[in-house]
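# Provided below are the primary sequence and the corresponding predicted coordinates.
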There are 4 protein chains.
Amino acid sequence: MSEFETLMDQINQFREERDWLQFHNPKDLALSLNLEAAELLENFQWKSSEEAIDTQLPEIKDELADVMVYALMFCSDLDIDPEQIIKAKLEKNQEKYPIEKAKGNKKKYHHL
Amino acid sequence: MSEFETLMDQINQFREERDWLQFHNPKDLALSLNLEAAELLENFQWKSSEEAIDTQLPEIKDELADVMVYALMFCSDLDIDPEQIIKAKLEKNQEKYPIEKAKGNKKKYHHL
Amino acid sequence: MSEFETLMDQINQFREERDWLQFHNPKDLALSLNLEAAELLENFQWKSSEEAIDTQLPEIKDELADVMVYALMFCSDLDIDPEQIIKAKLEKNQEKYPIEKAKGNKKKYHHL
Amino acid sequence: MSEFETLMDQINQFREERDWLQFHNPKDLALSLNLEAAELLENFQWKSSEEAIDTQLPEIKDELADVMVYALMFCSDLDIDPEQIIKAKLEKNQEKYPIEKAKGNKKKYHHL
């Protein structure tokens, strides 16, 4: 079993034990993922990257983990293979951002 | 090499080829993760879960992949092991949400 | 003095008394506005609109006020007239969403 | 009629002409407010405040206006007086952040 599958199994066991699958529709999972992303970002509010990392690394790790947990719940509930969609997106991005145009350039692809 | 490491290697190669690491400080990565989470959520705007899944599954997969790509960049840049922090957070959540109290209950842990 | 100006004056006095203007650069204000918007949204997590309104209206009002306070700080710091930009945007939207095409249609304007 | 009421009237006329009130439940309005806040923030991605203001002020104004338009729709639909909740929240914040403790201090109130 892959690492992703092992993690999704653990997460699903956690949800089943608490009978939480009844609340977990995809719209609320996407909404929740946004809330966790905001909690991650909150650690950087009024701070430079360095200041945030120096003072709040444990909180940052926790919130980043929460983001990934929701992403994996979402994958599990919709039968999405996380590894597969990440690889597919990286391939798309290779085309959207060709090296010769994108090198050292932070513009969005539609401005390249 | 684990699946996570393989993916992080591919993502880092993508960034290096484009000379993008210069832009990728943790604060802007956390900010970007929020933007991608919002793009995922946009697929559910004015829609039920079912309607969104029926009409926009390919876009949903792409945005979810983007969220995970930023999460993995963040891990890679801060030398964070994604599998380890997810497991550690699940253990914390076991304590925050004890089965007997949390079962069938959607309240936040501080309201349990 | 207009209502918006009166409110911005009160908000600025609040910030000045606390010596907080030193932290309030536009990037962190935009970031903070996102955090407050997420706190507003959190009141709807795992809930229907009705359930959220029934059980959390005071919290919803507080978070919505926070969103508007950050929007007004942002306007004040960049010398933006809130009333003027709202009116200008409504006019743009009139053109982006012509009545005959947009009526009863929730599609984004680039899909109309 | 107050400025806020005038703006809410214009916004409501815009929605009625397009028959959009059928889509505008509070949960989706809160969700949409988050999407607009993210679009505002996107103007600051990979940029300093100065760089963003220099290059994207018109886009920033448009997105900020969208945030305020959604906030006003939300108020209008729930019969909330925007001016009243902003003033009430400022008073609460006066108590949460007493001047003597909060001066020059960016910590959250529960850490003061």
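Looks like it came in fine.
# Name the nearest residue to A:Lys103, sequence neighbours excluded.
In space, A:Lys103 comes closest to B:Asp19 once its chain neighbours are excluded; the distance is 5.1 Å by CB to CB, 6 or more residues apart in numbering or on different chains. C-beta here means a position set from N, CA and C on the backbone, and glycine is covered the same way.
# so the one you found makes contact with A:Lys101?
No: assessed by CB atoms under 8 Å, B:Asp19 is found out of contact with A:Lys101, at 11.9 Å.
# coming back round to it: what is the burial count for the residue nearest to A:Lys103?
14 (other CB atoms under 10 Å in any protein chain shown).
# again with A:Asp54
A:Asp54 has 10 nearby residues by other CB under 10 Å.
# Can you check the pLDDT for it?
With respect to pLDDT, A:Asp54 has a value of 98.
# so is it in a helix, a strand, or just coil?
Three-state call for A:Asp54 (DSSP: H, G, I helix; E, B strand; the rest coil): helix.
# do A:Gln45 as well
Judged by three-state DSSP, the three-state class of A:Gln45 is coil.
# So it versus B:Tyr70, what's the distance?
Separation of A:Gln45 from B:Tyr70 (CB to CB, to the nearest Å): 18 Å.
# Which one's more surrounded, these two?
Between A:Gln45 and B:Tyr70, B:Tyr70 has the larger neighbour count (other CB under 10 Å), namely 24 against 16.
# how about the nearest residue to A:Phe4, chain neighbours excluded?
Nearest one to A:Phe4, counting by CB to CB, 6+ apart, is A:Pro82 at 5.1 Å.
# Surely the one you found touches A:Ala71?
Yes: with contacts counted by CB under 8 Å, A:Pro82 reaches A:Ala71, the gap being 7.1 Å.
# List the residues that are in contact with both of the two.
B:Met68 (CB atoms under 8 Å, 6 or more residues apart in numbering or on different chains).
# what's the burial count for the closest residue to chain C within chain A?
Nearest to chain C in chain A, going by CB to the nearest CB, is A:Ala38, at a distance of 3.5 Å. A:Ala38: 28 surrounding residues under other CB under 10 Å.
# which other residues reach the helix or strand that contains it?
A:Ala38 belongs to helix A:26-42 when assigned by DSSP states H and E. Here helix A:26-42 makes contact (CB under 8 Å, 6+ apart) with A:60, A:63-64, A:66-67, A:70-71, A:73-74, A:77-78, B:30-31, B:33-34, B:37-38, B:40-41, B:43-44, B:47-49, B:52-53, B:60, B:67, C:31, C:34-35, C:38-39, C:41-42, C:44-46, D:31, D:34.
# If we use 6 Å, what do you get?
Contacts of helix A:26-42 with the rest of the structure, by CB atoms under 6 Å, 6 or more residues apart in numbering or on different chains, involve A:63-64, A:66-67, A:70, A:73-74, B:30, B:33-34, B:37, B:40-41, B:44, B:49, C:35, C:38, C:42, C:45-46.
# I figured the residue nearest to A:Lys103 hits A:Asn105, correct?
No: taking contacts as CB atoms under 6 Å, B:Asp19 lies outside contact range of A:Asn105: 8.4 Å.
# which residues are in contact with both of these two?
The contact sets of B:Asp19 and A:Asn105 do not overlap (CB under 6 Å, 6+ apart).
# Show me the shaky parts of chain A.
Scanning chain A with the threshold set as pLDDT under 70 gives A:109-110, A:112.
# which bits of it sit near chain B?
Within reach of chain B by CB under 6 Å from any CB of the partner chain, chain A has these residues: A:2-3, A:7, A:10, A:17-19, A:23, A:25-27, A:30, A:33-34, A:37, A:40-41, A:44, A:49, A:61-62, A:65, A:67-68, A:71, A:83, A:85-86, A:89-90, A:99, A:102-104, A:106.
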